[in-house]
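**Q** Here is the input, now give the coordinates:
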Amino acid sequence: MNRISHLKEIKIQNQNSLIFILYLLQYSLMFPINLIIGSQFPIVISTLSLLMYCIITNRFKFNLKLILLLFLPLMFLLLKLPFEKPDNSGINIALSYLKAFLTIGVSGVLIGSLKFSSKQFFYYAYKVSWIILLFFIFIPFTSYYGDDVNYMRYGYGILPAVIIFYISLFQKKQFLRSIVGFSISFTLLLFFGARGSLLSFLFFLVTFTFFFSSIKKRTKYLIFLGLSVIIYNIKPIIIYLFNIITGFNLSSYSLTKLFNYLDGNSFASTSSGRSEAFELAILKIWESPFLGLPLNTAYLDTGLIYYHNVFLDILVNWGVIIFSFFLGLIMLFIYKTIKTPNKNIKIIFILIFCLSITRLLVSSNYFERPEFWVLMSYGLTSISTNNKSLN
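**A** Numbering: from 1, shown residues only. Below is the predicted model:
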């Protein structure tokens, strides 16, 4: 590669970093606009704009893995369509999954395949996180919160900013600004977000801090000690935080549920129906363990289109054969991530993993989550092939 071509490729990868970030975090960025106009149309416009720009500038590089990731899910969905169980609602879940993949999954697969600069990724992510924080900081104190914005939407919306600010804490040049951003965003997540989004952040904190970061051992010991003290005193801490927020005449669904669980209530009574959904899913797996059941099985069981757990959803709908293949891919991504010497790639993978898989362990449908398809594409086209950026 000559110098001119090399510089041109660096420029393209830098631009791709911004495209990747804008797509990955567009749910959070478009959140206020969606709220005001009461529609998801801004996200549609954003996705189409990014895709059209990438197509016009010839940024997508198709290979066998990318083509398979685009066509295999489509083929499996088409094969499932005739087996949909009829019900009185007239809703066709298989068809809705097909539409979701064509509108959300395909865009996630394509954007996830972009080759981008890992350094510029964090530069743009940090800038965008401040925009997200400014968007979200006032929502809990408006009439929107609790009605148009529930705790789950809010928690998962601000989660990316919390994670990115935490990463930035260990960059000396922006430590003071990052600690302000992290303190505010984490407080908002803790008080007004969902338990699932909080657990996603805690998973990232532990994984990044103790396994993939270059933090000094002394700092790791201090963080571990701090976490141990918090866990040991979790109940009085929750009570103290709960009293603070109620003193301002505000409510916190997440803290209330945590307090009820720590106060002796069962997991089933504090899981918002998830434990019952899990039990139903486990029973359904044995009805057709190898090939899976029709895609509307969860809807007929629970009235929802998913069982609140991506692994159970895949097992019920697709059987152990496809589930084993999916689990094998995830394990391959994790193995390749551990082996890569590029620390930035490791952190990016964990970030996408926490925005997708850890969320899907307790909520959402994987066909409708662009982060899931970004993870699958990024894992296949970048991590598993050791596709390194130039800068």
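**Q** CA only for contacts and neighbour counts going forward, please
**A** Noted.
**Q** what's whichever strand or helix holds Lys284 packed up against?
**A** For Lys284, the enclosing helix or strand under DSSP states H and E is helix 274-285. Contacts defined by 3 or more C-alpha pairs under 8 Å, 6 or more residues apart in numbering; DSSP states H and E place helix 274-285 against helix 267-270, helix 297-302, helix 310-339.
**Q** mind checking which of these is nearest Leu110?
**A** helix 310-339 (17.9 Å; C-alpha to C-alpha).
**Q** Buried residues, the helix or strand immediately after the closest one in the chain. List them.
**A** Proceeding N to C from helix 310-339, the next assigned helix or strand is helix 343-360, under DSSP H and E. Buried residues in helix 343-360, counting neighbours by 16 or more other C-alpha atoms under 10 Å, are found at 344-360.
**Q** Just the C-alpha atoms of stretch 336-345, please, in PDB.
**A** Only the C-alpha atoms of stretch 336-345 are listed here, as PDB (Å, rounded to 0.1, in the frame of the first residue of the first chain):
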ATOM      1  CA  LYS A 336     -10.700 -14.000  19.800                       C
ATOM      2  CA  THR A 337     -11.200 -10.800  21.900                       C
ATOM      3  CA  ILE A 338      -9.200 -12.200  24.700                       C
ATOM      4  CA  LYS A 339      -6.400 -13.200  22.300                       C
ATOM      5  CA  THR A 340      -6.100  -9.900  20.400                       C
ATOM      6  CA  PRO A 341      -3.300  -7.600  21.600                       C
ATOM      7  CA  ASN A 342      -5.400  -4.500  20.700                       C
ATOM      8  CA  LYS A 343      -6.900  -3.300  24.000                       C
ATOM      9  CA  ASN A 344      -9.200  -0.900  22.200                       C
ATOM     10  CA  ILE A 345     -10.800  -3.700  20.200                       C
END
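**Q** now it: mean pLDDT?
**A** The predicted model assigns stretch 336-345 a mean pLDDT of 88.
**Q** One more: stretch 248-259?
**A** For stretch 248-259, mean pLDDT rounds to 76.
**Q** Excluding its own residues, what touches it? List them.
**A** Contact with stretch 248-259 is made by 151, 190-195, 235, 238-239, 241-242, 245, 270, as judged by C-alpha atoms under 8 Å, 6 or more residues apart in numbering.
**Q** Please tell me the pLDDT value assigned to Asn309.
**A** Reported pLDDT at Asn309 in the predicted model: 93.
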